[in-house]
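Asker: prediction below, plus the sequence it came from.
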Amino acid sequence: MAEPSQEEQKVLRITLVHSAIGYTKKHKATLRALGFHRLHETVEHVDSPSLRGMLYKVNHLVRIEEK
């Protein structure tokens, strides 16, 4: 199966809306791997199964919008 071009791939806009204080080191490491440094920061990533797995782990801390 051919991989879709960059224009066809879905981009997700992810915003950190809750602090990771009080959560496990794995949650904090996942947020760091997503590229977050501070609260209310927004990052954009191309949708992929590995990204969806990371978002599933921290979905209570972030807001996800499809672009």
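Answerer: Received, thanks.
Asker: for the chain, what spans make up the strands?
Answerer: 11-16, 42-46, 62-66 (DSSP state E).
Asker: could you identify which of the ones you listed is most buried?
Answerer: strand 11-16 (a mean of 17; mean count of other CB atoms under 10 Å). Placement of C-beta: from N, CA and C, glycine included.
Asker: helices and strands around that strand, which ones?
Answerer: strand 42-46, helix 49-57, strand 62-66 (3 or more CB pairs under 8 Å, 6 or more residues apart in numbering; DSSP states H and E).
Asker: contacts for that strand next, please.
Answerer: 31, 34, 36, 38-47, 51, 55, 61-67 (CB atoms under 8 Å, 6 or more residues apart in numbering).
Asker: gap between the closest residue in space to Val11 that isn't next to it in sequence and Arg38?
Answerer: Closest residue to Val11 apart from its sequence neighbours, by CB to CB, 6 or more residues apart in numbering: Lys67 at 4.4 Å. From Lys67 across to Arg38, the span is 21 Å (CB to CB, to the nearest Å).
Asker: picking that back up, can I get the strands of the chain in TSV including mean pLDDT and distance to Gly22?
Answerer: TSV is the format used below for those (pLDDT from 0 to 100; distance: least, CB to CB, whole Å):
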stretch	mean pLDDT	distance to Gly22
strand 11-16	98	15
strand 42-46	97	22
strand 62-66	97	16
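Asker: format these as a markdown table; extra columns: distance to Thr24.
Answerer: Formatted as a markdown table, the strands of the chain follow (distance: least, CB to CB, whole Å):
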| stretch | distance to Thr24 |
| --- | --- |
| strand 11-16 | 16 |
| strand 42-46 | 21 |
| strand 62-66 | 16 |
